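**Student:** Predicted model, plus sequence, below.
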Amino acid sequence: MPQLDVDGAVLTYDDEGPRDAREAPLVFVHGWTADRHRWDHQLAHFSVRRRVVRLDLRGHGESTGAGVRTIAELAQDVLALLDHLEVERCVLVGHSMGGMIAQTIALSHPERVERMVLVGSIGRMAYSRGRGLLMAASTLVPYKLFVAANIQRAFAPGYPREEIRAHIRASAATPRAVVMTLYGAMRAFDVLDRAGEIRTPTLMVHGYHDVQLPVGQMLRMASAYPDAVVRILDAGHELPLEKPAELTAALDGFVSEKH
């Protein structure tokens, strides 16, 4: 498996599909406590005809590295990988925290992003006073309980419990320092007031039952984008796991449109 040393971390990534494809490469960025295998369905589908890149963010999956304090620092890791792979322009797809990374890149380096897909992501973490206090208090419980509480609520009602437990175990394997530091980075993330600057054609795919990042917050963000298409699926926050085929179909339709 290919790896890249970046600023104290070793990033593990996949780079598959034809290099001579006419279309811009697809670059997939996973969310908090996840890994690049969130995109297995999309990799299998798209790599037949176009180049596909995905990575484990630092401290996640098979990548090493300590947690960083800002989403912008994770964005720099993704840009370093794109530079290493000589990908000058891409279709950038991000889930949850990965969508925050994608928006950061679209704002700082718009020339690198041909199109963008935000999956279960928002431009600002917004809480009521009561929920904000509850979220802050949740950091005081034991680490495994903290992870379990967050992952459990990421799925829509009815999702198989045994599969949820498996994902909780996988998420809890992410180093505590990485998880907690990036939890703070996500809570501090805020580019909503700059959404109008993002001229990149954007698809926003969100789960109707998402309680982690409620659909209403995504719609508020979408209204500020100059060029956004919204798709809402019958799912929770973990769209790549809950509705992989439907998500792939939405992506396929969007990236195949005439520019």
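**Tutor:** That came in fine, so what should we check first?

**Student:** Number of residues surrounding A228?
**Tutor:** A228 has 19 neighbouring residues, counting by other CB atoms under 10 Å. Placement of C-beta: from N, CA and C, glycine included.

**Student:** phi, psi of it?
**Tutor:** Dihedral pair for A228: phi -130, psi 140, per degrees, to the nearest 10.

**Student:** bridging residues for it?
**Tutor:** T202 (DSSP bridges).

**Student:** Would you agree it is in contact with A222?
**Tutor:** Yes - between A228 and A222 there is a contact at 4.8 Å, judged by CB atoms under 8 Å.

**Student:** Now do the strands in the stretch 101-250 of the chain.
**Tutor:** Along the stretch 101-250 of the chain, counting by DSSP state E, counting those that start in this stretch, strands occupy 113-119, 202-207, 228-233.

**Student:** Nearest approach to G65 belongs to which of those strands?
**Tutor:** strand 113-119 (23.6 Å; CB to CB).

**Student:** Buried residues in that closest one, which are they?
**Tutor:** Under the neighbour-count criterion of 16 or more other CB atoms under 10 Å, strand 113-119 has 113-119 buried.

**Student:** Please apply the same query to stretch 147-154.
**Tutor:** Neighbour count says stretch 147-154 has 147-148, 150-151, 154 buried, by 16+ other CB under 10 Å.

**Student:** Closest to Y208 out of these?
**Tutor:** Checking these one by one against Y208 (CB to CB), the nearest turns out to be A154, at 13.8 Å.

**Student:** quick one, what contacts A80?
**Tutor:** By CB atoms under 8 Å, 6 or more residues apart in numbering, A80 lies in contact with 4, 6-7, 11.

**Student:** again with L233
**Tutor:** For L233, the contact set (CB under 8 Å, 6+ apart) comprises 205-208, 239, 243, 246-247, 250.

**Student:** Going through those, which ones are buried?
**Tutor:** Among the contacts of L233, the ones that count as buried by 16+ other CB under 10 Å are 205-207, 239, 243, 246-247, 250.
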